[in-house]
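> 3D model of this:
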Amino acid sequence: MPNWELKKCCNHEQVVFLATISVCTVVILALWRTVLLMPFKLVTVFLHEASHAIACTLTCGHVESIQVHADEGGMTQTRGGVYWFILPAGYLGSSFWGMVLVLASTNLLTARIAAGCFAFSLVIVLFIAKNWTLRGLCIGLIIFLAVIWILQETTKIRILRYIILFIGVMNSLFSVYDIYDQVISRRVHTSDAEKFAEVCPCPCNGVGWGIIWGFISLLFLCGAMYLGLVILS
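Sure thing, here's the model as predicted:
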């Protein structure tokens, strides 16, 4: 039975799991404004825009294009669908995928599945991408995942689980930071939260919705850590 109460926490695997998340967080924050994190930031932008597209498709809308820009911006053009469902799907969807990747990293089999599904989605997006930044990102990530997979299977360099975990933590942190930067710190009036406030002004404005989404994003990360400990117990 699952150890929901986390009795006798923490064993070796649980300690390694928490320590790796802590190290990933420190590395991400330390290198936040460096070019080294640029590819991983673009991955989070891609998952943000992909979440908009998925929400549009689920509500019977049509996705006209997905773009990711080198300045860490992105745009998903949609037609139809439920607007109030599509708008928050970007930030919350990105945080959700971050949680999924963190949980997938707890086991080699699930890490392989996550890497395979991610690579497959990149191949699909490669053919529908509307700009070369996104195309280049897809090609680069497919090659990167392939190299990591080959190293995992043929050498003693077995880092697939840690790469998946790093991308998961990066997604969770980037979502919270982007909400703070665009909604609270600078208050960009074209942000998803500001647009959502126009559609759904009650109970708060764009800043309020940004805070709510940021809190939910943090809950996703905390939930991923808790469930990860349960899985590893």
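> okay, buried residues for the helix or strand of the chain with the lowest mean pLDDT please.
Using mean pLDDT, DSSP states H and E, the weakest-scoring helix or strand in the chain turns out to be helix 192-199, at a mean of 82. Using 16 or more other Cβ atoms under 10 Å as the test for burial, helix 192-199 gives D192, A193, E194, K195, F196, A197. Backbone N, C-alpha and C define where each C-beta goes, glycine included.
> now the angle from the helix or strand following that helix to helix 192-199?
Downstream of helix 192-199, the next assigned helix or strand under DSSP states H and E is helix 206-232. Angle, helix 206-232 to helix 192-199, by axes from the mean of the first three to the mean of the last three Cα atoms, to 10 degrees: 120 degrees.
> show me the two of the buried residues of helix 192-199 that sit farthest apart.
Farthest-apart pair in the buried residues of helix 192-199 is D192 and A197; separation 9.7 Å (Cβ to Cβ).
> what are the ranges of the helices in the chain?
12-30, 38-58, 83-104, 108-128, 132-154, 160-179, 192-199, 206-232 (DSSP state H).
> which one, of these, ends up nearest to H69?
Of all the helices of the chain, it is helix 132-154 that lies closest to H69, at 5.6 Å by Cβ to Cβ.
> centre of the chain to that closest one, how far?
Helix 132-154 sits 17 Å away from the centroid of its parent chain (Cα atoms, centre = their mean, to the nearest Å).
> same question for stretch 122-131.
18 Å.
> what average pLDDT does that stretch get?
On average, the pLDDT along stretch 122-131 is 80.
> same question, stretch 176-191
Taken as a whole, stretch 176-191 has a mean pLDDT of 73.
> ok and the least confident helix or strand of the chain relative to helix 83-104, angle-wise?
Note on geometry: by the same axes, to 10 degrees, helix 192-199 and helix 83-104 are set 140 degrees apart in direction.
> helix 192-199 packs against which elements?
Secondary-structure packing of helix 192-199 (3 or more Cβ pairs under 8 Å, 6 or more residues apart in numbering; DSSP states H and E): helix 83-104, helix 206-232.
> swap in 10 Å and give it another go.
Secondary-structure packing of helix 192-199 (3 or more Cβ pairs under 10 Å, 6 or more residues apart in numbering; DSSP states H and E): helix 83-104, helix 160-179, helix 206-232.
> mind putting these into a markdown table with distance to F127 and mean neighbour count?
Listed next are the helices and strands packed on helix 192-199 as a markdown table, based on distance: least, Cβ to Cβ, whole Å; neighbours: other Cβ atoms under 10 Å:
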| stretch | distance to F127 | mean neighbour count |
| --- | --- | --- |
| helix 83-104 | 21 | 23 |
| helix 160-179 | 22 | 24 |
| helix 206-232 | 30 | 19 |
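> let's have the ones you listed in CSV, adding distance to I150.
As requested, the helices and strands packed on helix 192-199 are exported to CSV (distance: least, Cβ to Cβ, whole Å):
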stretch, distance to I150
helix 83-104, 19
helix 160-179, 10
helix 206-232, 26
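> can you list the low-confidence ranges for this structure?
Residue ranges of the chain with pLDDT under 70: 184, 186-189, 201-202.
> go with 80
Along the chain, the model assigns pLDDT under 80 to residues 1-3, 72, 128-131, 179-191, 200-207.
> can you give me the neighbour number for S185?
11 (other Cβ atoms under 10 Å).
> thanks again, I'm all set now.
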